[in-house]
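Asker: Predicted structure and sequence below. I'll ask about it afterward.
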Amino acid sequence: MLKHLVRLARPRDWAKAVFILLPVPFATQAGEARLDPLVFAMGVVAFCLTSSGVYSLNDVRDAAADRTHPAKRSRPVASGAVSERTAIVWGACLVAAGLAIAAATGLPAVLALLLAYLGLNAFYTLGAKEVPLLDVFLLASGFLIRVLLGCALVDAPPSSWLLLCTLWIALFLAFGKRRADLTRGTGAEQRPQRLGYTTGFLDHAMGIAASLAMLSYSLYGHETGAFVPGRELAGLPFVAFGFLHVLRIAHLDELRDAPVELAWRSRTLQICGTGWALATGWSLGIF
């Protein structure tokens, strides 16, 4: 049972917490951050637990549809390994633990952001996911909240350029998730087609989001004072390569995993991410 409860919490999705870390090096190098490692770690744990609780509760609501999906039918609730009642209690406990840790940070903004995350997910689950485009923007909002949480945890004002860049990255990821759903095209994944999404539209939307994300990233590099002069765009080639790699897979109609899930098994994206981190550290003057 413990193994199934851990699976229900989807710890692999905690990798999305990298968006919480995103503002830290930029704010630190710009002299705007006040980093308390313990408080920051508490904030990350609080968000991960809260998101796991949301995933558990969502799985209860989606159990019937998941049973018709070739992969999702093995999820703990859909397969019957965990009862719906147990999953609800487990999800509620995870959410309560996350909110309690958030309150313990002593930062009201952290608790407010987690409550906003819960509210947006409830809105999404209870019907907004059936509204075209609104569903994608709500999926993207989760990544924006993570970045805002990172800013709150280091007491740094969120940069407009950072938020704009994050928005387009988040929309790229959300459109990519819908593109993967459409490619699989079974069970609950038929939703994109029901909502009027087509492969052509999603490919164009991903291309637009990728282009604007790279443009925003370039402008951010020039506008912020965190970078060493002459090194501002050192990470851009890795950003461009990552976007183009995912777009190439999508246009080949082989994008069967959401981009975040794809990153777990794509050696190319992992190398690209490592290269970006090293290049960005160099451009920030960290080493």
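Answerer: Looks like it arrived, so ask away. None of the values given here were measured: they were computed from a predicted structure.
Asker: Show me the helices in the stretch 101-250 of the chain, by range?
Answerer: For the stretch 101-250 of the chain, the helices defined by DSSP state H, counting those that start in this stretch cover 108-125, 134-153, 160-184, 191-194, 199-223, 236-251.
Asker: which residues of this protein score low on pLDDT?
Answerer: 30-33, 70-71, 185-194 (pLDDT under 70).
Asker: And what about residue 69, helix, strand or coil?
Answerer: coil (DSSP: H, G, I helix; E, B strand; the rest coil).
Asker: Residue 276 is nearest to which of the helices of the stretch 101-250 of the chain?
Answerer: Judged by C-beta to C-beta, the one of the helices of the stretch 101-250 of the chain that comes nearest to residue 276 is helix 236-251, at 3.8 Å. The C-beta positions use only the backbone N, C-alpha and C, and glycine is treated the same way.
Asker: Dump the closest one to CSV, keeping only the CA atoms.
Answerer: Taking C-alpha atoms only, helix 236-251 is exported to CSV below (Å, rounded to 0.1, in the frame of the first residue of the first chain):
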residue,chain,number,x,y,z
LEU,A,236,20.4,30.9,-25.5
PRO,A,237,21.8,28.2,-27.9
PHE,A,238,20.8,25.5,-25.4
VAL,A,239,17.4,27.0,-25.0
ALA,A,240,16.9,27.1,-28.8
PHE,A,241,18.2,23.6,-29.2
GLY,A,242,15.8,22.3,-26.5
PHE,A,243,12.8,24.0,-28.0
LEU,A,244,13.6,22.8,-31.6
HIS,A,245,14.2,19.2,-30.4
VAL,A,246,10.7,19.0,-28.9
LEU,A,247,9.2,20.7,-32.0
ARG,A,248,10.9,18.3,-34.3
ILE,A,249,9.5,15.3,-32.4
ALA,A,250,6.0,16.9,-32.4
HIS,A,251,6.1,17.5,-36.2
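Asker: so how far is stretch 2-19 off the chain centroid?
Answerer: Offset of stretch 2-19 from its chain centre (C-alpha atoms, centre = their mean, to the nearest Å): 13 Å.
Asker: Mind exporting the C-alpha coordinates of it to PDB?
Answerer: The C-alpha coordinates for stretch 2-19 follow below in PDB (Å, rounded to 0.1, in the frame of the first residue of the first chain):
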ATOM      1  CA  LEU A   2       2.800   2.400   0.800                       C
ATOM      2  CA  LYS A   3       4.300   1.800  -2.600                       C
ATOM      3  CA  HIS A   4       1.000   2.700  -4.300                       C
ATOM      4  CA  LEU A   5       0.500   5.800  -2.100                       C
ATOM      5  CA  VAL A   6       4.000   7.000  -3.200                       C
ATOM      6  CA  ARG A   7       3.100   6.400  -6.800                       C
ATOM      7  CA  LEU A   8      -0.200   8.300  -6.300                       C
ATOM      8  CA  ALA A   9       1.800  11.300  -5.100                       C
ATOM      9  CA  ARG A  10       3.800  11.300  -8.400                       C
ATOM     10  CA  PRO A  11       7.200  12.200  -7.000                       C
ATOM     11  CA  ARG A  12       8.600  12.300 -10.600                       C
ATOM     12  CA  ASP A  13       6.500  15.500 -11.100                       C
ATOM     13  CA  TRP A  14       8.400  17.200  -8.300                       C
ATOM     14  CA  ALA A  15      11.000  17.900 -11.000                       C
ATOM     15  CA  LYS A  16       8.700  20.800 -12.000                       C
ATOM     16  CA  ALA A  17      10.000  22.500  -8.800                       C
ATOM     17  CA  VAL A  18      13.000  23.600 -10.900                       C
ATOM     18  CA  PHE A  19      10.800  26.600 -11.700                       C
END
